[in-house]
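Peer 1: Please work out how this folds:
(chains A and B)
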Amino acid sequence: MTTSQEEISDEIAKIQADSPRGAPLLDFVPYRSTALRHPTKEPRHVDPEGAELLTPVFGHSDVAAIEADLTVQRGGEPIGERIRVHGRVLDGDGRPVRRQLVEVWQANAAGRYSHQGDQHPAPLDPNFTGVGRCLTDDDGWYSFTSIKPGPYPWRNHHNAWRPAHIHFSLFGTDFTQRLITQMYFPGDQLLALDPIAQSITDPAALARLIASYDHSRSEHEWLLGYRWDIVLTGSHATYLEPSDD
Amino acid sequence: MTEATPGQTIGPFFHHALAFPGDSELVPFGSAGSVVLHGYVHDGAGDPVPDAMIEIRQSDASGDVPRVGGSLRRRGAGFTGWGRSCTDGAGHYWFSTVEPALPFFAVTVFARGLLDRLFTRIYLPDAADAIDGLVASRESDGRLQFDIHLQGPSETVFFKFPRT
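Peer 2: Prediction:
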């Protein structure tokens, strides 16, 4: 018999009491697929050098402006709650990450990905791929127009549901700042039950993955606004700058 | 210092979003001076990881790390020093690239079931001062081969940088 949500939630509570941490625990039993996919050795401490200190560069030759609007890519209107998600990408020292690539992907309003591996029997939306890209502006701001994704079931345990989320892929100014993460929505009751979100065992750190509703960016008779800022780790290119003395 | 936004797994459904034509060809496959870097990603049971994504960042053959755009629209672009390869059903990744003068490929690993990215390096076979276990082997046809083990007796050496 498969594990129940109660058992998973008990496992999560025990681990969180032992080790509140701001980064996800790679060895996190409640998320069953981590069992054979987490390293067991301590990571080796290494100073970055060469290519690790320089991020790849993307420009307007890479990303068309229309790729930031996930509601207009297929000619017709996708079904669901129209939203705008915007925010700033900062580095660990609070500096904006300028003109850098942001990639997003998400399920449609019914909780189905436009991916051949997704077998959830919810409808595909012919007008929605759930894939977008943009470049941050000169102050580190990004903005996407989309449809609010639906929650969806997965097979981690019995009656397991992922909270609604948008996947984000980010680059900083050095390669060591590379980040892939998930943005969640405020007030989602599934967050507390979700082993992927709860692998971040410090609640304050998990809160940094939750967007806030931003009425100032909602548009009259058109869409709802959400704000989500992203902070990357610190840049080593500055940190390791050699001194002359 | 501001607190960093935590990572989360790439999940299983990223291919249609992150793969793009030419993503793993930093230079065209089979072009003059090109080399193939490839290998398999394994889990702790030695089984393939068919839903991983590997990215590399590297210098060119003269030691410069390019700071030019064009990676997402490779046609006609110069060498950008960055590439991305999603593993196939056998857990195989591959790149067509040039051998970097700075003697390693910087590597980032993502996968379903892996809650945060991992960093490592792949050194060229003749690199001086390579980190043990992170050296590619040269196959008889000239390709560079390096397997990534997320766990197990051959677990790959992964890194912690000072600020990560």
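
Peer 1: only C-alpha atoms for contact and neighbour calcs from this point on.
Peer 2: Will do.

Peer 1: Grab the longest strand from chain A for me.
Peer 2: Counting by DSSP state E, the longest strand found in chain A is strand A:82-90.

Peer 1: just how off-centre is it within its chain?
Peer 2: In terms of C-alpha atoms, centre = their mean, to the nearest Å, the centre of strand A:82-90 is found 12 Å from the chain centre.

Peer 1: And stretch A:60-80, by the same measure?
Peer 2: Relative to its chain's centre, stretch A:60-80 lies at 19 Å (C-alpha atoms, centre = their mean).

Peer 1: cool, and stretch B:48-68?
Peer 2: 5 Å.

Peer 1: and if you look at stretch A:47-59?
Peer 2: How far stretch A:47-59 lies from its chain's middle: 22 Å, per C-alpha atoms, centre = their mean.

Peer 1: what about it, how long is it end to end?
Peer 2: End-to-end distance for stretch A:47-59: 28 Å, by C-alpha to C-alpha, to the nearest Å.

Peer 1: what mean pLDDT would you report for it?
Peer 2: Regarding stretch A:47-59, the rounded mean pLDDT is 95.

Peer 1: In that stretch, which residues are buried?
Peer 2: For stretch A:47-59, the neighbour count (16 or more other C-alpha atoms under 10 Å in any protein chain shown) marks A:48, A:50-59 as buried.

Peer 1: my read: B:His16 touches A:His115, true?
Peer 2: Yes - using C-alpha atoms under 8 Å, B:His16 makes contact with A:His115 at a distance of 6.3 Å.

Peer 1: hmm, back to that, let me know the closest of the buried residues of stretch A:47-59 to A:Asp91.
Peer 2: Of all the buried residues of stretch A:47-59, A:Asp91 sits closest to A:Thr55, with 12.8 Å by C-alpha to C-alpha.

Peer 1: Tell me who's in contact with the closest one.
Peer 2: Residues counted as contacts of A:Thr55 (C-alpha atoms under 8 Å, 6 or more residues apart in numbering or on different chains) are A:171-175, B:57, B:67.

Peer 1: what's the answer for B:Arg117, then?
Peer 2: Going by C-alpha under 8 Å, 6+ apart, the list of residues near B:Arg117 reads A:179-180, B:7, B:9, B:108-111.

Peer 1: Save the buried residues of stretch A:47-59 as a markdown table, and put in secondary structure too.
Peer 2: Output for the buried residues of stretch A:47-59, formatted as a markdown table (DSSP: H, G, I helix; E, B strand; the rest coil):
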| residue | secondary structure |
| --- | --- |
| A:Pro48 | coil |
| A:Gly50 | helix |
| A:Ala51 | helix |
| A:Glu52 | helix |
| A:Leu53 | helix |
| A:Leu54 | coil |
| A:Thr55 | coil |
| A:Pro56 | coil |
| A:Val57 | coil |
| A:Phe58 | coil |
| A:Gly59 | coil |
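
Peer 1: so is the most centrally placed residue in chain A in a helix, a strand, or just coil?
Peer 2: With distances taken as C-alpha atoms, centre = their mean, A:Gln182 lies nearest the centre of chain A, 2.0 Å away. Classification of A:Gln182 using three-state DSSP returns strand.

Peer 1: OK, contacts around it?
Peer 2: By C-alpha under 8 Å, 6+ apart, the contact list for A:Gln182 reads A:165-168, A:209, B:7-9.

Peer 1: Now, those that are in strands?
Peer 2: Short answer: the contacts of A:Gln182 in strands (DSSP E) are A:165-168.

Peer 1: Low-confidence ranges, chain A, go.
Peer 2: Low-confidence segments of chain A (pLDDT under 70): A:1, A:238-245.

Peer 1: pull the longest helix from chain A.
Peer 2: With DSSP state H setting the assignment, residue counts place helix A:5-18 as the longest helix in chain A.

Peer 1: and that helix, does that touch chain B?
Peer 2: No - under the criterion of C-alpha under 8 Å from any C-alpha of the partner chain, helix A:5-18 makes no contact with chain B; the nearest approach is 14.8 Å.

Peer 1: do stretch A:21-36 as well
Peer 2: Yes - using C-alpha under 8 Å from any C-alpha, stretch A:21-36 comes into contact with chain B via A:22-26, A:31-36.

Peer 1: which other residues reach that stretch?
Peer 2: A:8-9, A:11-12, A:38-39, A:156, A:195-196, A:199-202, A:204-206, B:6-8, B:43-45, B:112-116, B:150-151.

Peer 1: Show me what counts as buried in that stretch.
Peer 2: Buried-residue list, stretch A:21-36, by 16+ other C-alpha under 10 Å: A:21-36.

Peer 1: Now a ChimeraX select for only the buried ones of the contacts of A:Thr55.
Peer 2: Selecting only the buried entries of the contacts of A:Thr55 in ChimeraX, with 16+ other C-alpha under 10 Å as the criterion:
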select /A:171,172,173,174,175 /B:57
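
Peer 1: and which of the contacts of A:Thr55 is nearest to A:Thr2?
Peer 2: Closest approach to A:Thr2 among the contacts of A:Thr55 (C-alpha to C-alpha): A:Phe171, at 38.5 Å.

Peer 1: Touching, that closest one and A:Val102? I think so.
Peer 2: Yes - the criterion here is C-alpha under 8 Å, and A:Phe171 meets it with A:Val102 at 7.3 Å.

Peer 1: I'd guess B:Phe110 is in a strand, am I close?
Peer 2: Yes - membership of B:Phe110 in a strand is supported by three-state DSSP.

Peer 1: pLDDT below threshold where in chain B?
Peer 2: B:1.

Peer 1: how about the helices in chain B?
Peer 2: Along chain B, counting by DSSP H, helices occupy B:15-18.

Peer 1: correct me, but B:His42 touches B:Ile148?
Peer 2: Yes - the pair B:His42 / B:Ile148 is scored as a contact, 6.2 Å apart, by C-alpha under 8 Å.

Peer 1: Please, where are all the strands along chain A?
Peer 2: Under DSSP E, chain A gives strands at A:44-45, A:82-90, A:101-106, A:131-135, A:141-147, A:152-154, A:160-162, A:165-170, A:179-184, A:212-213, A:224-227, A:230-231.
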